[in-house]
Structure formats: C-alpha cells, structure tokens
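Asker: Sequence and predicted structure are below.
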Amino acid sequence: MSFRSGRLRGEVPRDVAEFTSSLGFDREIYVETLVINAVHLKMLARLGFLGEDVLARGLAALKEAYSSPLKMDDPRLEDVHMVVEDFLIKSVPEAGENLALGKSRNDTVATAIRMRVKARCLETADSALKLLENLLEKSLAEAETLYPATTHLQVAAPATLGFILTSYASRLLSALDGLTKIYEAIDECPQGAAACCGSTLPIDRGWLASQLGFKRVLENALDASSSRDFIIDILSAALKLMVVASDMAEQLIHDFTAGLIDMGDEFCSTSSIMPQKRNPVVLEVARTKASETLGELVRAASMIQRRVGGYVLDLQQVTPSVWAALSEAENTLNLLTRVVESLRVREGEAEGRCGWEAGMVELANHLALRHGVGFRKAHRACGRVARMLAEGGLTEDGLKNALEAEGISVALSLEDALKILSPRSVVSAYATLGSANPLEVKRMVEEMRNRAAGLRSWVAEKRRILEAVLERAFNPHAR
Ligand code: ARG
C-alpha cells in the first residue's frame, strides 16, 4: 500500500482490491517468489548496493518467511510480491526498501511462474511414469492373454490384453517425451528484464539464471517480462497426456461394461435406487479430463492473444489455468495407476469375444499366400464364410460353396480353416514389428521400460537442479 500513496490518493476500497488481487492463487508461487527475492538481494550485494550485513539479515528474514509462511489475506497488498516486500521492509528495512531496485513484479512473476511450472512438470512426469510402469508390468503379465482388438468399436482382430495395454503405454511415452521437450524449451530465465525494457543497473542476467536453476536467459526484456506463450506449450503437453488418459478410461469403461475386465470396488459406485448397479465412476470422471484441460487451454490462450506491448494485468488471470490443469492431470494419472493395478481380466469372456470371425484376414492371407489366390477374391470368399458364421454356423459344405462361389478351387477342410481362424494361432502368427504377437509384446515392454528408465533419470536430474536452487537461496555464502 505504501507504494500507492506517492502517485495515488486515498485507500483502495476492499472490493476493488479483491477484484484485482492475485493473492487468492499466489500461494502456488510463494516459495519461488522468496527465492527470486533472495537471489536479487545477492545480486544487489554483488553490485555493491547492499552491505554484507544487510544481505545476511535480509536472507535470514526471507528464510524465516520460507519456514513460517506469511499470511496473504490483505488484498490491499495486491499480490505475493507486495506481501514479501512489506514483510522485508518491516523486518530488515535496509534490504526491504531496496527490494524493487532493478527488479519489477513483472519479471519476478514471469520467473516465478516458470520456476513453479518446471517443478509441477516434474511432478506430472512422475505421475505419468508411474502409470506407464504399471501399464508395462500389467502388459507383461497379460502378454499372452487373448483379448479382442476393435476398430469402429467392433471386434476386428484377435490380440492380447498385454498388447492393448502397451498401446496406451506407447502413447504415454510419446506424451511424456513431449513434456520433457517442452520443459527444455521453456527452461529460460526472464529475471532481470525488469518492468519491460531491462534496467540501467548492470545486472548479470546469466548469473541470475544459473542461481535460479535455469539453463538459459530469456533475453528480450519485453518478451521476458510479459509473454505467457509458454503456457500454451505446457497446457498442450498436459492436454496430450489427458487425451491418452481419457481414451484409456473410455476403453476400460467399455470393456468393464462388456464384462471383459473387472476392477476394484473402490473405483465403482452403486445406484441409490438400483441396488444391482456397479458403476465405473472413477473412469467416467477420468474420461472428462481431456475436455477440462482443453477448457483451460482455451481459457489461457484467449486471455493472452490480444495484448499490446508489455505487461497488462490480464496476464495475472491466466496462471490459475496452469495450476488447475496440472493438478487435474496429476490426480487423473495417479488414480488411473491404481485402477490399472486393480484390473483383472475375465479370460474366458475375453477369449470368447475374439471369436472366429476376427481371424478372417488370416484365412484370406492363407488362400493368397499358400494357394496363389488373388487377395481380393480371397477376401470376398472369406466374407461369405464370415456371413455363414454370423448367420448360423459354418459347415464343410458351406466352406466349399463359399470358395466355389468365388471361383476358388483349393482343397481346404473345415478343420484346417478353423485352425487358421483360431485366435490363439492368429496371435502367435503375427510376424511384423510392433504386432500383437506375445513375443513382440514382451519385446516392446522391455524397450519401453528402458525408455521409461531414461525418463526417470531425466526427472531425477532436473529435480536435483531445482533442489540445489532452494538449498543455496538463503545462504549468503552461496553465490
Ligand atoms: N500479480 C501480478 C501477476 O500475478 C504481478 C504484478 C504485476 N502488476 C503490475 N501492476 N505490473 O501477474
């Protein structure tokens, strides 16, 4: 408030203060703000604007604010930056009075958001990795378990449950790769850009960036102090993860309802009127999360797409979307991990659902490869066979008629045909890279495990960098 009174007259009414304050969601960047202020004090000391004794006391006060968080309930202080400054002016005036020397809330908030986004990304990556590892474990256990694969929601070909689950693992890996690339791309430090055009103080921005755990400086001061474009990248990464999660939830709901799989009761609810019901409610909510994330992305993008020049307070309203989206992503991934853990396949049902029709491509392949029948002709004959199967059953004569109707004269007994059509033999005959052949599923699991381990070390390495920032921040000798 004290900073208002020079230029503006009178007190700000409470409702006006509340309307424009970000204190309601600034808790998310509280620690980051303290760290940036601590590093800024060190910078002022490096430049000779602050004595060593004042620096030490200033850092001690900020450390105290870290250990016992300051109250943030007076909206007239506008935001976390003013709360910290107000506190430091009261506890170490010589430091607090100069906290805004060469530093603006504009570069500080941009930096704090990036720091927090990085930390939250690592948490999200951690949750996605747990789900991935669980999926891979289940995939291995169910690598041989016959299970139908669908296209157009209809049984299309025999596969195994392990194969179906590895498809989600593969997509999760790709979404996780995207998240790490985005992390690397946004790992740029806005601090030192000041309000919009830089500062006349000879601030060493490279030093600030390294103290704050960034890989590079985000150089252009106007971009650094005011753009939030990187939020689109983060929300897109969260969206991609949630699209996979929502899809997976949808498949599990579908298969649970069809009686192919079962899951723990703790993830189901019952009806208040229909006592027989066992509703897959956790998955139903999980299925909505891609839409929710898309909503946050649209919300954020539409707020940041009509700004002229530097900082405007609209930008403040954007950030809650990031925290909301990342929280939802984490919750969803964590819950899906537990649902996957509790999954049980009803083997008989699943195998039965593969049916004989699903192997029909293999019968056509057999006619083409073994007997030199053109595939299109074989396809039509097998279509006739499928129709017979669907309309009452296949007999030795029926098979013969179907082949003859297409002008195919080969000796194929019903027994041989059924052998070819059997889901088990189809699955073990798949010969291509990435197929549903159990051997291939096991190989893919192994490869994806290696990639997951690589991502785990990436997360650990980035975490160490962020932890080191916090360990050093309030220590006057660490610079
Ligand atoms: N509370 C603002 C935010 O979260 C930062 C303050 C910038 N305010 C200003 N008037 N320049 O974005």
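Answerer: Yep, that arrived. Numbers count the residues shown, from 1 in each chain.
Asker: Show the contacting residues for Gly198.
Answerer: 192, 221 (Cβ atoms under 8 Å, 6 or more residues apart in numbering). Glycine gets a C-beta too; all of them are placed from N, C-alpha and C.
Asker: actually Lys138, not the one I typed
Answerer: By Cβ under 8 Å, 6+ apart, the contact set of Lys138 is 161-162, 165, 340-341, 343.
Asker: So what's the residue count around Asp314?
Answerer: 12 (other Cβ atoms under 10 Å).
Asker: my bad, should have said Gly264
Answerer: Look at Gly264: counted by other Cβ under 10 Å, it has 13 neighbours.
Asker: Likewise for Asn98?
Answerer: Count around Asn98 with other Cβ under 10 Å applied: 20.
Asker: Dihedrals phi and psi, it?
Answerer: With angles defined as degrees, to the nearest 10, Asn98 sits at phi -110, psi 10.
Asker: what mean pLDDT does the one helix or strand Met448 maps to have?
Answerer: Element membership for Met448, per DSSP states H and E: helix 438-473. Averaging pLDDT along helix 438-473 yields 98.
Asker: Counting by contacts, list what it packs against.
Answerer: Under the contact definition 3 or more Cβ pairs under 8 Å, 6 or more residues apart in numbering; DSSP states H and E, helix 438-473 sits against helix 30-46, helix 105-141, helix 161-186, helix 205-211.
Asker: dump the residue contacts of whichever residue of the stretch 251-400 of the chain sits closest to the ligand.
Answerer: The minimum distance from the stretch 251-400 of the chain to the ligand, using Cβ to the nearest ligand atom, falls at Gln316 (3.4 Å). By Cβ under 8 Å, 6+ apart, the residues touching Gln316 are 22, 79, 109.
Asker: Between these, identify the one with the most neighbours.
Answerer: Among the contacts of Gln316, Val109 has the most neighbours (other Cβ under 10 Å), with 25 neighbours.
Asker: measure it to Val35 for me?
Answerer: For Val109, the distance to Val35 (Cβ to Cβ, to the nearest Å) stands at 13 Å.
Asker: cool, and Arg299?
Answerer: For Arg299 relative to Val35 (Cβ to Cβ), the value is 28 Å.
Asker: again with Glu341
Answerer: As judged by Cβ to Cβ, Glu341 and Val35 stand 37 Å apart.
Asker: which one of these two has more residues nearby?
Answerer: Just comparing Glu341 and Val35: by other Cβ under 10 Å the higher neighbour count belongs to Val35, 24 against 14.
Asker: for the residue nearest to that one when sequence neighbours are not counted, what are its contacts?
Answerer: Leaving aside its sequence neighbours, Val35 sits nearest to Ala473 (Cβ to Cβ, 6 or more residues apart in numbering; 4.4 Å). Going by Cβ under 8 Å, 6+ apart, Ala473 touches 34-35, 38-39, 59, 62, 211.
Asker: and which of those residues is nearest to the ligand?
Answerer: Leu34 (15.3 Å).
Asker: number of nearby residues for the closest one?
Answerer: By other Cβ under 10 Å, the residues close to Leu34 number 26.
Asker: If we check the ligand, which of the contacts of Gln316 are in contact?
Answerer: Restricting these to those within reach of the ligand (Cβ under 6 Å from any ligand atom) leaves 22, 79, 109.
Asker: can you put those in JSON lines and add pLDDT?
Answerer: Output for the ones next to the ligand among the contacts of Gln316, formatted as JSON lines (pLDDT from 0 to 100):
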{"residue": "Ser22", "pLDDT": "96"}
{"residue": "Asp79", "pLDDT": "97"}
{"residue": "Val109", "pLDDT": "98"}
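Asker: ok, now which ones touch the closest residue to Ile231 other than its chain neighbours?
Answerer: With sequence-adjacent residues excluded and distances taken as Cβ to Cβ, 6+ apart, Ile231 is closest to Ala300, at 5.2 Å. Neighbouring residues of Ala300 by Cβ under 8 Å, 6+ apart: 228, 231-232, 235, 318, 321-322.
Asker: Relative to the ligand, how far out is Ile232?
Answerer: According to Cβ to the nearest ligand atom, to the nearest Å, Ile232 stands 17 Å off from the ligand.
Asker: so that residue is in which element?
Answerer: Here Ile232, judged by DSSP H and E, is contained in helix 230-257.
Asker: one step back: deepest-packed of the helices and strands packed on helix 438-473, please.
Answerer: Comparing these by mean neighbour count (mean count of other Cβ atoms under 10 Å), helix 30-46 comes out on top with a mean of 24.
Asker: average pLDDT for that helix?
Answerer: 98.
Asker: Equivalent analysis for stretch 414-427, please.
Answerer: On average, the pLDDT along stretch 414-427 is 94.
Asker: Pull the residues that contact stretch 412-421.
Answerer: Applying Cβ under 8 Å, 6+ apart, the set of residues contacting stretch 412-421 from outside is 356-357, 359-360, 362-363, 366-367, 385, 394-396, 399, 403, 425-426.
Asker: again with stretch 342-353
Answerer: Counting by Cβ under 8 Å, 6+ apart, 138, 142, 145-148, 155, 161, 252, 258-264, 266-267, 423 sit against stretch 342-353.
Asker: again, 7 Å this time
Answerer: Contact with stretch 342-353 is made by 138, 142, 145-148, 155, 161, 259-264, 267, 423, as judged by Cβ atoms under 7 Å, 6 or more residues apart in numbering.
Asker: just the residues you listed now: which is nearest Pro202?
Answerer: Lys138 (57.8 Å; Cβ to Cβ).
Asker: Per-residue pLDDT of the closest one, please?
Answerer: So Lys138 comes in at 98 (pLDDT).
Asker: go on, the one 10 residues further on?
Answerer: Listed pLDDT for Pro148 reads 97.
Asker: so is it in a helix, a strand, or just coil?
Answerer: Classification of Pro148 by DSSP: H, G, I helix; E, B strand; the rest coil places it in strand.
Asker: and it, what are its bridge partners?
Answerer: Pro158 (DSSP bridges).
Asker: what about it, neighbour count?
Answerer: 25.
Asker: ok, now which ones touch it?
Answerer: Counting by Cβ under 7 Å, 6+ apart, the residues that Pro148 touches are 155, 158-159, 350, 353-354, 358.
Asker: What subset of those is buried?
Answerer: 155, 158-159, 350, 353-354, 358 (16 or more other Cβ atoms under 10 Å).
Asker: Tabulate the residues you listed (CSV), appending pLDDT.
Answerer: As requested, those are arranged in CSV below (pLDDT from 0 to 100):
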residue, pLDDT
Val155, 93
Pro158, 96
Ala159, 97
Ala350, 96
Arg353, 94
Cys354, 93
Ala358, 89
